[in-house]
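Participant: Sequence and predicted structure below; questions after.
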Amino acid sequence: MAYNPSQGYVAINKAGDTFTGPITTTGKKAAYRSVSANTSIAATDEHIEITGTSAVTVTLPDAAANNKAVFNIKNSSTATATIATTSSQIIDGATTFSLGIQYQAITVISNGSGWSIF
């Protein structure tokens, strides 16, 4: 293995195979958003952390328009956080889901008509 800082790459040679590529120190960055007031989750969000000391409701986007979208939602607040839906969609059979314990979290995925908890 050879590192060439002037060219910014590492060449790896093993059993006749060679890989040469650029060195990067950045990886995929997850879309993280901290909220402390009622809000709607954007389709571009991935990880939503609820903070503060007041009860908060976050509303999921339309499941039909966001089929297979995945959101991680964590309640870091000392108050209850409510996850709500739009258009009477459901989260595992209910139109809302409560995160009543500090540091409780859920992951939801759209099935095209509603939301499933994983």
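Facilitator: Perfect, I can see it now.

Participant: Pass me the low-pLDDT residue ranges in this protein, would you?
Facilitator: Counting by pLDDT under 70, the chain shows low-confidence ranges at 1-28.

Participant: Spatially, what comes nearest to the residue nearest the centre of the chain if we skip its sequence neighbours?
Facilitator: The centre of the chain sits closest to residue 46, judged by CA atoms, centre = their mean, with a distance of 2.4 Å. With sequence-adjacent residues excluded and distances taken as CB to CB, 6 or more residues apart in numbering, residue 46 is closest to residue 31, at 4.2 Å. (C-beta placed from N, C-alpha, C; glycine too.)

Participant: which residues of the chain fall in strands?
Facilitator: 2-4, 9-14, 17-22, 32-35, 39-40, 47-50, 56-59, 70-75, 81-84, 96-99, 104-110, 115-117 (DSSP state E).

Participant: packing partners for the fifth one?
Facilitator: Helices and strands touching strand 39-40, as assessed by 3 or more CB pairs under 8 Å, 6 or more residues apart in numbering; DSSP states H and E, comprise strand 56-59.

Participant: now the strand it packs on: how far from the chain's centre is it?
Facilitator: From the chain centre to the centre of strand 56-59 is a distance of 15 Å (CA atoms, centre = their mean, to the nearest Å).

Participant: which residues are contacting it?
Facilitator: Strand 56-59 is touched from outside by 35-41, 48, 50, 73, 77, 79, 81-86, with contacts defined as CB atoms under 8 Å, 6 or more residues apart in numbering.

Participant: returning to that earlier point: wait, what's in contact with the residue nearest to the centre of the chain?
Facilitator: Taking CB under 8 Å, 6+ apart as the contact definition, residue 46 lies against 30, 31, 32, 70, 71, 72.

Participant: Many thanks, have a good one.
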